[in-house]
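S.K.: here is a sequence with its predicted model. Questions after.
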Amino acid sequence: MQGPDPRYDAYRQRRTFTSLDGLRALCIGVVVWHHSDVPPLAAAIWPAGRFGFLGVDLFFAISGYLIVTLLLRERERRGDISLKNFYIRRALRIWPVYYGLLLAFAVLYLGLKRGSEAGQAYAHDLPWLLLYLTNWVPAHGLLHVTWSLAAEEQFYFIWPPVEKWLRGQALTLVLVIIAVSVAIQLGVVDPLLQRAFGWAPNEPAMLRETGFTPISLGVLLAHLMHRRGSFVVIDRLLGARWVAPLLLAVLVGYSNLLPAEISGLPRLGVHVLMLLLLAACVVREDHGLHGVLTWRPLARIGALSYGIYLFHQICLGGARAVAGKVGLGHPVVVLVLGSIGVWIVAEISFRYYESWFLKRKERFGA
C-alpha cells in the first residue's frame, strides 16, 4: 500500500486552480492581438507575434484538462458521472451568449439587411452555426471564430460519455486520438484520407492545423495527474517553482524561432510545450508564475474570456470605424480601443446577462 503523499493529497483536495484564469487571459490577449492589424507591423521585431492564433490551442488544452479532471473527481466522489448535470452546466455557460449573439445577427442580417451579400452569407452559415459545425464548414465574416467553439462543443458532447462508460479504456482511447490527430497533421495519412473522403492535403483545415491534439493532450494530462504514480513523476519533473517561468520563456522563445508555416512538427512542438506549462501551473499552487497569473485584472480578463472571444471581432471592427473617422486609424490605436471596448462589453454581458444563468448552473455542480 502506498503511503500518504502531501503534494498529491493537496492536489486532489484543491477545489480550484487559481492560475487558470490568468492563463486564459494570456490566451485571449494573443487572440485579440492576432485579429488586429498589429502583427504584420511587429513581425520583424517579434516573430512570435505572427502566431496569436496559438492562444486557441492553449484554450483547448486547458479545457480538456479541467473538464476531465472535474469528471474524474465527480466519479470518485459519487461513484458515477451525471451526464445530465454535465450537459445542463455546459448549456447554461455557453448557450445564452452564443445563441443570443446568433439571434442579434439574425435580426441584423435576416431582417434589416435581408438580401444583402452579408445577409445571404449568414443565411448560408446559420444551420452550421446552430449545430456547432463551423469547424467543418467555416462561417463567414465576424462569426468565423466560432469554429473553435464548435470543436469544444463536440468535445463536450462526445467525451463525458467516454469517461462515464469506458472508464479504464478512456486513457487508451485518448492516446489513440492523439496519435491519429498527429498523423493527420503531419500528412502521414494523406493518401488514405484522399481515397476515403476526397480530402486534399490541406483539408479539412481544422484537422490539418489545430486538430483535436491540444484538447486531447489536456485530457491525457487530467488522467495522469489524477493517478498517484504518474502525478509523482510529473511533480518531480515540473514541481519546482522555477519550472513554470522557464517553460513560458521557452515557449515564447521557441515561437520566435518558428518558420512562417508551422503546420506539422513545429506546431506539435508548441502543443507539447503548452502541455508542460499547463502541468507546471496546476501541479502546485505556488509555482513561479502564480503571482502574475492571479493578478486581479488578469484573472478577471480570464474569467471574461468566453465573452471576449465571441465579441472581440465586432469590437475591433467598431474601433476601426471610429478611429478611422477621427483620423486615428493606426493599428495600435485600433487594438487599444478594441481591447478596451470588448472588455467593457464582456463585463456588461457577464454581470447583467450571463450571471443569471450561471447562478442556476450552480444547482448542477459536480
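M.R.: That came through, no problem. Numbers count the residues shown, from 1 in each chain.
S.K.: for Glu354, which three-state class applies?
M.R.: When classified by DSSP: H, G, I helix; E, B strand; the rest coil, Glu354 comes out as helix.
S.K.: now the element after the helix or strand where Val30 lies, going C-ward?
M.R.: Following DSSP states H and E, one finds Val30 within helix 20-34. Sequence order places helix 39-42 as the next helix or strand after helix 20-34, per DSSP H and E.
S.K.: for that following helix, which positions count as buried?
M.R.: Of the residues in helix 39-42, Pro39 count as buried by neighbour count, 16 or more other CB atoms under 10 Å. In short, each C-beta sits where N, CA and C put it, glycine included.
S.K.: need the contact partners of it.
M.R.: Residues outside helix 39-42 that contact it (CB atoms under 8 Å, 6 or more residues apart in numbering) are Trp33, Gly49, Arg50, Gly52, Pro331, Val332.
S.K.: let's go with 7 Å and repeat that
M.R.: Trp33, Gly49, Arg50, Gly52, Pro331 (CB atoms under 7 Å, 6 or more residues apart in numbering).
S.K.: same check, this time on stretch 347-362
M.R.: Arg89, Leu92, Arg93, Pro96, Val97, Leu304, Gly307.
S.K.: that stretch: which residues count as buried?
M.R.: Glu347, Ser349, Phe350, Glu354, Lys361.
S.K.: distance of the first one relative to Ile308?
M.R.: Spelled out, that is Glu347. 9 Å (CB to CB, to the nearest Å).
S.K.: could you pull out the helices for the stretch 201-350 of the chain?
M.R.: 205-208, 213-226, 228-238, 243-257, 265-282, 290-293, 296-303, 305-325, 331-349 (DSSP state H, counting those that start in this stretch).
S.K.: now, of the ones you listed, which is deepest in the fold?
M.R.: Among the helices of the stretch 201-350 of the chain, ranked by average contacts under mean count of other CB atoms under 10 Å, first place goes to helix 213-226 (a mean of 25).
S.K.: quick one: it to helix 228-238, angle?
M.R.: Between helix 213-226 and helix 228-238, the angle comes out at 110 degrees (axes from the mean of the first three to the mean of the last three CA atoms, to 10 degrees).
S.K.: what residues are up against the residue lying closest to Gly22 once chain neighbours are set aside?
M.R.: Excluding its sequence neighbours, the residue lying closest to Gly22 (CB to CB, 6 or more residues apart in numbering) is Leu293, at 2.7 Å. Applying CB under 7 Å, 6+ apart to Leu293 gives the contacts Ser19, Gly22, Leu23, Cys281.
S.K.: and the pLDDT for Leu293?
M.R.: Leu293 is assigned a pLDDT of 98 by the prediction.
S.K.: and what of Ala366?
M.R.: 60.
S.K.: the helices of the stretch 201-350 of the chain: which one's closest to Thr146?
M.R.: Closest to Thr146 of these, according to CB to CB: helix 305-325, at 7.9 Å.
S.K.: not counting the closest one itself, show me its contacts.
M.R.: With CB under 7 Å, 6+ apart, helix 305-325 has contacts from 24-25, 27-28, 31-32, 35-36, 97-98, 101, 142, 145, 329, 333-334, 337-338, 341-343, 345-346, 349-350.
S.K.: ok, 8 Å please
M.R.: By CB under 8 Å, 6+ apart, helix 305-325 touches 21, 24-25, 27-28, 31-32, 35-37, 59, 93-94, 97-98, 101, 142, 144-146, 148-149, 301, 329-330, 333-335, 337-339, 341-343, 345-346, 349-350, 354.
S.K.: let me know the angle separating that helix from helix 331-349.
M.R.: Using the same axes, to 10 degrees: helix 305-325 against helix 331-349 is 140 degrees.
S.K.: pLDDT of helix 305-325, averaged?
M.R.: Mean predicted confidence for helix 305-325 is 95.
S.K.: now stretch 341-358
M.R.: 97.
S.K.: same deal with stretch 9-22?
M.R.: Mean predicted confidence for stretch 9-22 is 95.
S.K.: how about that stretch: buried residues?
M.R.: Neighbour-count burial for stretch 9-22, counted by 16+ other CB under 10 Å, picks out Tyr11, Phe17, Ser19, Leu20, Asp21, Gly22.
S.K.: so who does the first one touch?
M.R.: Under the criterion of CB under 8 Å, 6+ apart, the contact partners of Tyr11 comprise Met225, Phe231, Val282, Val283, Arg284.
S.K.: and the top helix by length along the chain, how far out from the chain's middle?
M.R.: When the chain is parsed with DSSP state H, its longest helix is helix 54-78. Distance of helix 54-78 from its chain centroid, counting by CA atoms, centre = their mean, to the nearest Å, is 11 Å.
S.K.: verify the stated contact: Met216 with Ala179.
M.R.: Residue 216: Ser, not Met. No - Ser216 lies out of contact with Ala179 (CB atoms under 8 Å); the separation is 9.6 Å.
S.K.: quick one, phi psi at His330?
M.R.: The phi and psi values for His330, taken as degrees, to the nearest 10, are phi -60, psi 140.
S.K.: number of nearby residues for it?
M.R.: 14 (other CB atoms under 10 Å).
S.K.: which residue packs closest to Ala279, ignoring adjacent ones?
M.R.: Leu238 (5.3 Å).
S.K.: quick one: the one you found and Cys281 touch, right?
M.R.: No - applying CB under 8 Å as the test, Leu238 and Cys281 come out as separate, 9.2 Å apart.
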